[in-house]
Each structure stands twice: as structure tokens, then as C-alpha cells.
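In: Following is a predicted model, sequence given first.
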Amino acid sequence: MVEKLSDASLGSASASFQPSSIDRHGGATDDASGKTTAPKEDGLVSSAGPAPEMQAYLSGARLFLIMFGLTLTVFLMLLDSSIVATATPKITGEFHSLNDIGWYGTSYLLAKIYTYFNVKWTFLAFFAIFELGSALCGAAVSSQMLIIGRAVAGLGASGLLNGGYTIVALIVPVAKQPGLRGILMGLSFFGLLAGPLIGGALTEYTTWRWCFYINLPCGAVIALFLLLVPIPDYRVVGDGTQAVSQSLRKLDLVGFLLFTPTVIMFILALQWAEAMIPLSLLRRRIIWSSCLNMACFIGCTFTTAFYFPVYFQAARDASPVQSGVDMLPQIITNMIITILTGALVGRVGYYLPFALASGVFTSIGTGLIATLTPTSATGKRVGFQIIQGFQGLGFQIPILAVQNGVRKEDVSVASALVVFSQNLSGAVFLSLAQVIFSNQLRHFLTMHAPSLNADAVIAAGASAADVRNSVPAELLPAVRLAYSDTFDHVMYLGTGAACGAFLFAAGMGWVRINNTKKDS
């Protein structure tokens, strides 16, 4: 049922690190030729105490159940992110909150908790937080309450994503991780595929609140699956209260509480205990390049995902359901490419070509999308989305790069850095996009329909029905053109982010993933 690592793979607690292959922080090092070499796992030493004699990987039914539960979890997260996108125009109409679109995607992250607490129960705790946030969103009576609910759900979701990456790194060898991670993210993309359709249908035929309530029964099923199978835990756990108190001190909750309120201002809270985000990791090129690549990648993705429904509904008079259907070319392409990339990276052995290709396709596709008008032909819209969908080539590369470049005990922190960059960039880019959207919409409304009260049009909301009901019929074409021109300017931001992803991908280095026979 389990696949055991050889002593050569794990090493013993008394073995020493080899300076030629690993630096004192346990990560990849840059050699004289400029190439980055991945660290060897020989001689891993845990600061918590003596290492276990043997590490067990999962296989068979246990591996299937864990991967099934993780896939369902990420599916639900992606469903949550995409389902709210098509509901957003309707929500802005009900709460008169068009200027709050950028806040509906904000989330935060507690980074290092998986290093010191049981992975399984920590994962389930974050899942409970995600479910609580979903319940708050569904019960929201104002835009402010919805934003708070999204922040709570985002806290749980970001912990789940980091936990999912950590669990995959624990249950299978490095050589198998790209394939399983590709399956995990590829199948989970069905959440993005179904999200716009389900969200549009629920919004149009019931209420947008069910876009959030749907997470509750699904979450109960997922929790049951995850409870059935034990997850390997590499931590060396002490006795009772002493182990818990030591873990809490290492988490540095004081530093976290100081950091959270000022995260948008990019102020890192330094602490008196052990760093939540060790500066030794941040100094390494493969780490900060991967984080910045993911930040730009997600910045482009979020900008497109949250404002494409506004284009389809406000500029093209599409219903919520139809706007979901109109987004399928990009989503389906992204899903297929992500699955294929997981398998191809393992065969090729290098991840850099995929990251660079992703940046090229995403930059071109997003730039072409920025040329759309209210009357653009269907072929153009579909073709441009398919090109952008090839961004799936790079979706899992930053996580793979950092996990391949650090010791096993640093995997959760390295993964957390990338996930933190992902969540922070989503919030920052959506805020920037909202500033552009608000200013440009008012500008273009004044330009194309000077007789209208721009503030009244904005307050009415961005759904097709809101636009039709708030504007005289003879001025509808002008208002739709204003929304379209505004959307194009928001896409300029997404294009810039995609170009940044391409540039930072080069910093990951030409690294071969650990694909040796002993790991197979």
C-alpha cells in the first residue's frame, strides 16, 4: 500500500550537507556557469530532532482517495473564484457597488503553520474557515459584509492551496509530483469551466447568494473523504503541551498580527522568534523569481476573470448564463494545457521552457483581447481567448520550481511564499484594475454620452438589465462602447502583468527537476 524510500533517498540524521550541491539553507545554488542546480535530498537534517528512519509514500487506494479529496477541494476553490465573476455585475446592481468589484477577490495567508502542525488537521481547519467565509458571503446584506466574507473565505482558501501543494510533496516522490500536480490542477479547472455556467444559472434563475451557499454541502462531502485516509507527516512531534507551545512560538503570531494590517503597504513584520518567511529563502533567485512570476501571472488571470463578465454583460448585452458560455474558450484551453503540462514537464525534465512559453502566449492573447469592441466578431473573441488559454503552460511552474529547489522540511514555507505572492498580487492587481475601470468608465461615458449622468449610470450596476433599465434606448450603443473602451484599458494592465511574468520566468534558471531512479 505504501512505497518506501531507500536510505540513499532520505539519508540519516547524522549525515552532513555537501557544500557543492546544497547551500547552508538547503536550497539550490548557482554554479559558476550561471546555471542553477537543484538540491540533493541526501543528508536532510531536521532541526526539530532526529529524523525518522524511514519515510513512506502513498500508493494505490490511499493515494487515490487523497488526490480525489484534494482535487475536489481545489475544484471548489476555483468554482468559488469563477462563479462569483459572472455574478459580480448582478451584485453591483443590488448593492450599488460597481466600485467594489476589485475587493471581491481579496484574500490573505498564514504561511508557516504547515511546518509545525499536523498537515491533515491544519488543512481541515483552513477548509472550515473557507466554508465560514462562504456562509458569510451568502448571507451578506451589504457590499461591506460581502467583502468581509470574501476575506475570510480567502484566508481559508489560501491556506488550502498551500496545504494541497505541501501534501502532494509529502505523499509521492519528486519525480511523480509534476504529473500528479498537473492532474490535480487540470481536473480542478473543471471548477473554472463550470463556475461561469453555474454562477450564471443561479444568478439568473434563483439568486446570486447560492453561488456561495453551494460550497457548504460540497464541503461536507470533501471533509468526509479527507478524514478517511491518514496523510504522512514528516514532523517529529514531541510530547503534549510542550510541543504545542514550541510550535506556537515558532509561528510568531505577534509578527503575523503586525504584518496582516499593513500587507497592502508591503511592510514585512520582523519578529523576535523564528521567521514566518525566512529572509534566507527570499534572497535566493529561484525563490523570488518564482514568486514574482506567479504574482504577475495571477495578476493577469484575475484581471481577465473579473472584468470579462462586465464586458460581455455591459458591453454586449449578454445574460449571466451567456457570459459564462462566452468565457469557455479560454477556460477549456487553459484546463487542457494545464493537464498536458503536468505530464510533459516530467518527461522533458526542465520547467523553464514552459514558463517562458506561457508568458509569450499570455502576453499576446491578453493584448489581442484589449482590442475587442461591442461588435467584435465571434471568431475574434474565441480565437483571442484560446491564445490566452495557453497560459496554462505556466500555472504550476513556480510551485514546482521552489519545491524542487528546497529541502523537504522547507517545502511548506517555500510553497507558502508562492501562494502568498499569488494572493497578494490578486488583491493588488484587482485594486489597480478597479482604479482604472472607475476612472476610465467615467471618462468614456462623458465622451460618448455627454448628456447622461455618469454617476447615475455607474450606480445602476453593470449587468445587461441594469444598463438597459438606466439608459435611454437611443444612448445604449454609446454606453456599451464606453464599457468596452474601459474594459480595453483594464486589459492593458493585464497585458503588462503577462509581460512581467515572461521576464521573471527567466530568473528561475535552467534547472533539471529531481527525476532520478531512486525517486521513481
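Out: Received, thanks.

In: So in the chain, which helix runs the longest?
Out: helix 411-448 (DSSP state H).

In: for that helix, packing partners?
Out: Applying 3 or more Cβ pairs under 8 Å, 6 or more residues apart in numbering; DSSP states H and E, one finds that helix 411-448 contacts helix 113-116, helix 143-171, helix 279-282, helix 285-310, helix 397-404, helix 454-460, helix 476-505. Any C-beta I mention is one placed from the backbone N, CA and C, and that applies to glycine too.

In: Rebuild those as TSV, extending it with mean pLDDT and distance to residue 433.
Out: Formatted as TSV, the helices and strands packed on helix 411-448 follow (pLDDT from 0 to 100; distance: least, Cβ to Cβ, whole Å):
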stretch	mean pLDDT	distance to residue 433
helix 113-116	58	31
helix 143-171	78	16
helix 279-282	73	27
helix 285-310	90	5
helix 397-404	86	22
helix 454-460	85	15
helix 476-505	95	5
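
In: Looking at those, which is nearest to residue 432?
Out: Among the helices and strands packed on helix 411-448, the nearest to residue 432 by Cβ to Cβ is helix 476-505 (6.0 Å).

In: where in the stretch 351-500 of the chain is pLDDT low?
Out: 409 (pLDDT under 70).

In: what angle sits between the longest helix of the chain and helix 285-310?
Out: Calculated by axes from the mean of the first three to the mean of the last three Cα atoms, to 10 degrees, helix 411-448 forms an angle of 40 degrees with helix 285-310.

In: Most tightly packed of the helices and strands packed on helix 411-448?
Out: helix 397-404 (a mean of 28; mean count of other Cβ atoms under 10 Å).

In: That helix to helix 285-310, inter-axis angle?
Out: 150 degrees.

In: one step back: so which of the helices and strands packed on helix 411-448 comes closest to residue 125?
Out: Per Cβ to Cβ, nearest to residue 125 of the helices and strands packed on helix 411-448: helix 143-171, 7.9 Å.

In: returning to what we had before: JSON lines please, covering the helices and strands packed on helix 411-448 and showing distance to residue 126.
Out: Below are the helices and strands packed on helix 411-448 laid out as JSON lines (distance: least, Cβ to Cβ, whole Å):
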{"stretch": "helix 113-116", "distance to residue 126": "9"}
{"stretch": "helix 143-171", "distance to residue 126": "3"}
{"stretch": "helix 279-282", "distance to residue 126": "22"}
{"stretch": "helix 285-310", "distance to residue 126": "19"}
{"stretch": "helix 397-404", "distance to residue 126": "17"}
{"stretch": "helix 454-460", "distance to residue 126": "36"}
{"stretch": "helix 476-505", "distance to residue 126": "27"}
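
In: Isn't residue 462 up against residue 482?
Out: No - Residue 462 lies out of contact with residue 482 (Cβ atoms under 8 Å); the separation is 11.4 Å.

In: Find residues that contact each of the two.
Out: The contact sets of residue 462 and residue 482 do not overlap (Cβ atoms under 8 Å, 6 or more residues apart in numbering).

In: so where does the residue lying closest to residue 152 once chain neighbours are set aside fall, helix or strand?
Out: Nearest residue to residue 152 in three dimensions, chain neighbours excluded: residue 133, at 3.4 Å (Cβ to Cβ, 6 or more residues apart in numbering). In the assignment (DSSP states H and E), residue 133 maps to helix 119-138.

In: That helix: which residues count as buried?
Out: 119-120, 122-127, 129-138 (16 or more other Cβ atoms under 10 Å).

In: Same question for stretch 440-459.
Out: Buried, per 16+ other Cβ under 10 Å, within stretch 440-459: 440-442, 444-445, 448-449, 452, 454, 457-459.

In: just stretch 58-72 next, same as before
Out: Buried residues in stretch 58-72 (16+ other Cβ under 10 Å): 58, 62-63, 66-67, 69-72.

In: any chance of those in CSV, with pLDDT and secondary structure too?
Out: Below are the buried residues of stretch 58-72 laid out as CSV (pLDDT from 0 to 100; DSSP: H, G, I helix; E, B strand; the rest coil):
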residue, pLDDT, secondary structure
58, 74, strand
62, 79, helix
63, 83, helix
66, 82, helix
67, 85, helix
69, 82, helix
70, 84, helix
71, 84, helix
72, 83, helix
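
In: any idea which of the residues you listed is closest to residue 286?
Out: residue 70 (25.0 Å).

In: Can you name the residues that contact residue 168?
Out: Counted by Cβ under 8 Å, 6+ apart, residue 168 has contacts 70, 177, 180-181, 184.

In: Go again with 7 Å.
Out: Going by Cβ atoms under 7 Å, 6 or more residues apart in numbering, residue 168 touches 177, 180-181, 184.

In: Distance check, it against residue 388.
Out: Using Cβ to Cβ, to the nearest Å, one gets 27 Å for the distance from residue 168 to residue 388.

In: what do you get for residue 148?
Out: Counting by Cβ to Cβ, the gap from residue 148 to residue 388 is 32 Å.

In: cool, and residue 151?
Out: Residue 151 is 28 Å from residue 388, by Cβ to Cβ.

In: So, low pLDDT: which residues of the stretch 151-300 of the chain?
Out: Where the stretch 151-300 of the chain drops into low confidence, which here means pLDDT under 70, it does so at 182, 185-190, 192-193, 232-278.
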